[in-house]
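Undergrad: Following is a predicted model, sequence given first.
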Amino acid sequence: MKIIAIGRNYAAHAKELNNAVPTKPIIFLKPDTAVLKDNKPFYIPDFSSDIHYELEVVLKICKEGKHISEKFASNYYDEIGLGIDFTARDIQSEHKEKGLPWELAKAFDNSAAVSIFLPKAAYPDMYDLKFELQINKETRQKGHTANLLFSFEKIISFVSQYITLKKGDLIFTGTPEGVGKVKQGDQLECWLEDKQLLNFSIK
């Protein structure tokens with residue numbers, strides 16, 4: 001499986017990092033070795049002194065597809081969850097300045113914490129989902145899917161024009177404003193609506 005992540009998909013987040021608001025989806029990839037499951041702790045890597053959390057709604061692809069029409073794209077995922085896109089912001093900033101790819105900042109081992117997945121059918125409206133990250137019981141991020149720049153269907157259709165989607169692939173759909181640094185001893189708790197989906201520590 002592969003992880004496809006969408007950058008700058010909430011306007012307020014793009015602005016907080018002084019980035020332009022995109023006119024089409026920005027994508028990057030994480031390998032399967034980035035996945036961190038089962039609420040296992042995240043260990044801050046030695047190569048970065050500025051690891052940031054980015055809370056995202058995650059889609060799980062349920063069947064293979066390419067060149068998918070936007071009007072049929074909702075048929076290609078049937079479960080949703082939450083994820084944390086851990087980002088080495090110091091490395092990312094350096095690479096952005098030099099025009100280099102982001103992989104070292106985004107694709108390192110365990111950089112994609114992923115929750116359990118829930119049936120999409122459990123939620124009547126994909127664009128009325130509230131999600132929240134608390135660190136040490138303090139709210140750091142609150143998102144609402146109504147504020148997505150590019151819908152889930154647009155993302156799936158767009159990505160599939162370039163990359164074949166396969167069953168089990170994950171799409172991280174973008175983070176709202178409020179990103180920040182994690183430190184050893186932090187406890188991260190993530191909520192989708194009223195259900196806690198993630199609860200793990202930073203080591």
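TA: Now that the structure is in, tell me what you want to look at.

Undergrad: so residue 26 makes contact with residue 6?
TA: Yes - using C-beta atoms under 8 Å, residue 26 is in contact with residue 6, at 6.7 Å. Where you see a C-beta, it was placed from the backbone N, CA and C, and this is true even at glycine.

Undergrad: ok, these two, which is more surrounded?
TA: Shown here are residue 26 and residue 6; by other C-beta atoms under 10 Å, residue 6 has more neighbours (26 against 16).

Undergrad: Next, work out how far apart the more buried one and residue 141 are.
TA: Plainly put, residue 6 is 16 Å away from residue 141 if you go by C-beta to C-beta, to the nearest Å.

Undergrad: same thing with residue 58?
TA: From residue 58 to residue 141 the distance is 15 Å (C-beta to C-beta).

Undergrad: So which of those two has more stuff around it?
TA: Set residue 58 next to residue 141 and count neighbours by other C-beta under 10 Å: residue 58 wins out with 25 against 22.

Undergrad: thinking the more buried one is in contact with residue 84, fair?
TA: No - using C-beta under 8 Å, residue 58 makes no contact with residue 84, being 9.7 Å away.

Undergrad: and stretch 109-122, what's its mean pLDDT?
TA: For stretch 109-122, mean pLDDT is 98.

Undergrad: Longest strand in the chain, please.
TA: Longest strand in the chain by number of residues, with DSSP state E as the criterion: strand 77-85.

Undergrad: Check the offset of that one from the chain's centre.
TA: The chain centroid and the centroid of strand 77-85 are separated by 8 Å under C-alpha atoms, centre = their mean, to the nearest Å.

Undergrad: who's in contact with residue 189?
TA: Neighbouring residues of residue 189 by C-beta atoms under 8 Å, 6 or more residues apart in numbering: 133-135, 137, 196, 198-199.

Undergrad: what about burial for those, which qualify?
TA: Listed as buried from the contacts of residue 189 are 133-135, 198; burial here means 16 or more other C-beta atoms under 10 Å.

Undergrad: ok, of the residues you listed, which one's closest to residue 64?
TA: Proximity of the buried ones among the contacts of residue 189 to residue 64 (C-beta to C-beta) peaks at residue 198, which lies at 28.1 Å.

Undergrad: what's the helix or strand for the closest one?
TA: strand 195-201 (DSSP states H and E).

Undergrad: List of residues touching that strand?
TA: 36, 39-42, 81-82, 84, 113, 115-116, 118, 185-191.

Undergrad: all helices for the protein, in order.
TA: Remark: helices assigned in the chain by DSSP state H are 11-16, 89-98, 103-106, 152-160.
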